[in-house]
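Asks: here you go, sequence then predicted model.
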Amino acid sequence: MSPNAAYASVMFLAGIGIPLLAALNAALGARIGSPAVAALCLFLVAFSVTAAVVMLTGPGAVRHLASQPRHLFLAGVLVAFYILSITYIAPHFGVGNAVFFVLLGQLAAAAAIDHFGLFGARVSPLGFTRAAGIALMAAGVALTQKA
């Protein structure tokens with residue numbers, strides 16, 4: 001398997017995980033009566049798993065964190081926003097609706113990040129063909145929401 005095929009496979013599995021995460025965490029939040037506590041639980045489990053992976057793969061990179069630009073740590077705020085919003089909204093709006101709008105946001109943001117090479121991303125200009133593909137994907141997402 002080529003590296004790109006392996007990357008695509010892992011990201012496909014990660015994509016499968018997003019609606020599962022949303023459904024599971026929304027259900028937990030509804031069952032316990034607190035989406036915020038469900039989100040906290042998710043983060044505690046995620047932290048524990050990530051800490052184990054860091055320990056297994058070598059914790060040496062941790063020493064470099066203090067010297068990194070502070071704006072890079074906003075990613076944690078964005079993850080918290082996503083988890084809290086999906087946990088609160090999915091039970092009321094539907095997991096499918098919530099994830100589909102997340103997907104639209106991801107398409108727009110990914111296109112902008114790639115087009116401008118933001119945050120060190122590989123530059124991939126937004127030409128007509130790529131924009132048409134993104135529009136087609138967005139139209140497909142919109143079609144899935146038709147009753």
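Replies: Received it, and whenever you're ready, just let me know what you need. Numbering: from 1, shown residues only.

Asks: my read is that residue 97 contacts residue 146, right?
Replies: No - contact criterion CB atoms under 8 Å: residue 97 and residue 146 do not qualify, at 11.8 Å. No exception for glycine: its C-beta is placed from N, CA and C like everyone else's.

Asks: the more surrounded of the two?
Replies: The residue with more neighbours, out of residue 97 and residue 146, is residue 97; 14 against 5, by other CB atoms under 10 Å.

Asks: can you name the helix or strand that the more buried one falls in?
Replies: Following DSSP states H and E, one finds residue 97 within helix 95-116.

Asks: and for residue 130?
Replies: Assigned by DSSP H and E, residue 130 belongs to helix 128-144.

Asks: can you list the weak-confidence ranges in the protein?
Replies: The chain contains residues with pLDDT under 70 at 147.

Asks: quick check: what element follows the longest helix belonging to the chain along the chain?
Replies: Using DSSP state H to define each element, the chain has its longest helix at helix 3-32. Downstream of helix 3-32, the next assigned helix or strand under DSSP H and E is helix 35-57.

Asks: chain center to that next one, what's the gap?
Replies: Relative to the chain's own centre, helix 35-57 is displaced by 15 Å; criterion: CA atoms, centre = their mean, to the nearest Å.

Asks: got the contact list for that helix?
Replies: Contact with helix 35-57 is made by 21, 25-26, 28-29, 32, 62, 80, 83-84, 87-88, 91, as judged by CB atoms under 8 Å, 6 or more residues apart in numbering.
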